[in-house]
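Q: sequence and predicted structure are below.
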Amino acid sequence: MYNIKSYIMQFTLLILILLPLFEVYLMIKIGSVIGAFNTISITIFTAVLGMYFVKQQGLSTLRSVLENLRADRNSISEILHGFCLVIAAFLLILPGFITDFFGFLLLVPYSRDWFLKNFIPKKESDINIIEINPEEVEEHDRFK
């Protein structure tokens, strides 16, 4: 009955509801141990530090893409790395320790390579392709 879109929508809705709850819970627990000011300071510091690293790696990725375009080479890999950096920047801007953890994971090239290797198909053989052979149909044979 359900198609894949409805499952994705339900999963997304579940994440949008549960992630902030976990973030608030974790911030309260950490704040009770190290203090509210330190918790807020760490959250701001990780956002600023993450944005700095995203800027540095983003510029490096942009240079690599432009270099590949000038040399007429395929730059899909660099574009996907750039997309991961955009996601990392978004996660680092959001306040919270869970999103910061995943944002910093996407900043590390090895974990970004692992993510791209496991979640993005690289070969055309991984993609389902349906080939058809069109044939011409006479006008009087069309309605038989």
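A: On my side now, so go ahead.
Q: C-alpha only now, for contacts and for neighbours.
A: Will do.
Q: enumerate every residue touching residue 56.
A: Contact criterion C-alpha atoms under 8 Å, 6 or more residues apart in numbering gives no residues in contact with residue 56.
Q: how close does it get to residue 93?
A: 16 Å (C-alpha to C-alpha, to the nearest Å).
Q: all helices of the chain, in order?
A: Ranges of helices in the chain, per DSSP state H, are 4-34, 36-70, 76-93, 97-107, 109-119.
Q: in the last one, which residues are buried?
A: Of the residues in helix 109-119, those with enough neighbours to count as buried (16 or more other C-alpha atoms under 10 Å) are 112, 116.
Q: phi, psi of residue 71?
A: phi -90, psi 10 (degrees, to the nearest 10).
Q: so where is the protein shaky, pLDDT-wise?
A: Applying pLDDT under 70 to the chain flags residues 1-2, 121-129, 137, 139-144.
Q: do you know which of the helices of the chain lies nearest residue 136?
A: Across these, residue 136 has its closest neighbour in helix 4-34 (35.6 Å, C-alpha to C-alpha).
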